[in-house]
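Novice: pasting a predicted model and its sequence here:
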Amino acid sequence: MTNAQMPSRKPVVLTMGDPAGIGPEIIVQAFREQPGLMRQVVVAGDVATLRHAARLVAELSPKQAVYPHMWAELSDLRDFSQVPPGCVAVIQACSLKQPVALGRISVDAGQAAADCIRFAAQAALTGQARAVVTAPIHKEALAAAGVAFPGHTELLQSIAASHQGVAVAALPVRMMLSCPGLRTVLVSIHVSLRQALDAVTQTQVLQTVRLTHAHFQLYGMAYPRIAVAGLNPHAGEGGLFGREEIDAIAPAVAQARAEGINCTGPHAPDTVFMRARQGAFDVVVAMYHDQGLIPVKLLGLEHGVNTTLGLPFVRTSPDHGTAFDLAGTGRASAASLLAALEAALCTATLA
């Protein structure tokens, strides 16, 4: 086998995402824009769907076409001998009896997306892959397919916990969103706002700070500057606008500092993200999903990356959804996916 056929390291596995969304198209675009990925990344998906996406993208934005090649038998994820030059390696990781309608929620699409995620996670957990990158999925499609998890993070957590033989609660994970100039980690993820408020406890906040600190230490930052956001306006104004800062957040910060973690807070949530972007902090711990995601998506959706903290393998994802309204138009940008791939390749190299 030649050097061209075998990558120097285990590959990154990239999931197809929901086949009714823009995932297959941006995957094709990513390989067209950065052909060097072809010997570093294997796509876990449906061959027919990806071939269709390649033809569609070639028709809508003429360039040299990239057509995924079927790689039917999984023996060694580093074996590229079956993949002709200029083709993308694809593992048939799901079963689609017929093409799904673009831009529509369906059971088949949700099941295919979940199957690809499971395949990629198992490849990483068994040491066949160096990292996992996930293209966007649709949460309603997952639910329609009977997948009892609201998103990637929770499904991957369950798979990893099962592989390790531990309860899900014994493998805490958190979502970190990054864009140029800002990184934020969330205390709670895909729950209602009412449930998110209930999740602001000393235990949950402290666990989030610990996971954040450990992640940055693992990848070379010995003493990351962690800012912990408040929940209420002006961080509660000493209890005038709520007691969560007094009863939960400040005690968590104090405990973390006692453990040697460089964290401060609670900071007023309306200014802490601006201060982090100006260089005062390395990362912000936000109390709930939208508090942390709105500033990241406002500043850099096209280059945003979602990283899961706490998993026993590297996992990143573009910071956007399935964009059903763009599916099939060829107008979806691969910039965020390319940023996620770059982050996974770099982070896995450091690990």
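Specialist: Thanks, I have the structure now. Note that the structure is a prediction, hence the values are computed from the model and not measured.

Novice: rest of the way, CA atoms for contacts and neighbours
Specialist: Fine.

Novice: and the strands in the stretch 101-250 of the chain?
Specialist: With DSSP state E, counting those that start in this stretch, the ranges of strands along the stretch 101-250 of the chain come out as 131-134, 174-179, 182-186, 226-229.

Novice: adding mean neighbour count, write these out as a markdown table.
Specialist: A markdown table is the format used below for the strands of the stretch 101-250 of the chain (neighbours: other C-alpha atoms under 10 Å):
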| stretch | mean neighbour count |
| --- | --- |
| strand 131-134 | 28 |
| strand 174-179 | 24 |
| strand 182-186 | 26 |
| strand 226-229 | 27 |
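
Novice: adding mean pLDDT, write those out as TSV.
Specialist: Formatted as TSV, these follow (pLDDT from 0 to 100):
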stretch	mean pLDDT
strand 131-134	97
strand 174-179	94
strand 182-186	97
strand 226-229	98
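
Novice: and the helices in the stretch 51-200 of the chain?
Specialist: Ranges of helices within the stretch 51-200 of the chain are 107-125, 139-144, 152-164, 193-198, based on DSSP state H, counting those that start in this stretch.

Novice: pick the most deeply packed of the ones you listed.
Specialist: Burial of the helices of the stretch 51-200 of the chain is given as mean neighbour count (mean count of other C-alpha atoms under 10 Å); helix 107-125 ranks first at a mean of 23.

Novice: so for residue 181, which of the helices of the stretch 51-200 of the chain sits nearest?
Specialist: Closest approach to residue 181 among the helices of the stretch 51-200 of the chain is made by helix 152-164 (23.4 Å; C-alpha to C-alpha).

Novice: run the angle between the closest one and strand 174-179 for me.
Specialist: Angle of helix 152-164 versus strand 174-179, following axes from the mean of the first three to the mean of the last three C-alpha atoms, to 10 degrees, is 130 degrees.

Novice: so how far is helix 152-164 from its chain's centroid?
Specialist: Helix 152-164 has its C-alpha centroid displaced from the chain centroid by 14 Å (C-alpha atoms, centre = their mean, to the nearest Å).

Novice: redo the helices of the stretch 51-200 of the chain as TSV? Include distance to residue 41 and mean pLDDT.
Specialist: Formatted as TSV, the helices of the stretch 51-200 of the chain follow (distance: least, C-alpha to C-alpha, whole Å; pLDDT from 0 to 100):
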stretch	distance to residue 41	mean pLDDT
helix 107-125	12	96
helix 139-144	25	95
helix 152-164	19	95
helix 193-198	36	95
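
Novice: point out where the stretch 251-351 of the chain drops to low pLDDT.
Specialist: Residue ranges of the stretch 251-351 of the chain with pLDDT under 70: 301, 348-351.

Novice: how far away is residue 59 from residue 334?
Specialist: As judged by C-alpha to C-alpha, to the nearest Å, residue 59 and residue 334 stand 17 Å apart.

Novice: tell me which of those two has more neighbours.
Specialist: Each of residue 59 and residue 334 has its neighbours counted (other C-alpha atoms under 10 Å); residue 334 has more, 23 against 12.

Novice: please name the bridge partners of residue 174.
Specialist: In this entry, residue 174 is beta-bridged to residue 309, by DSSP bridges.

Novice: got a list of what residue 176 touches?
Specialist: Counting by C-alpha atoms under 8 Å, 6 or more residues apart in numbering, residue 176 touches 183-186, 306-309.
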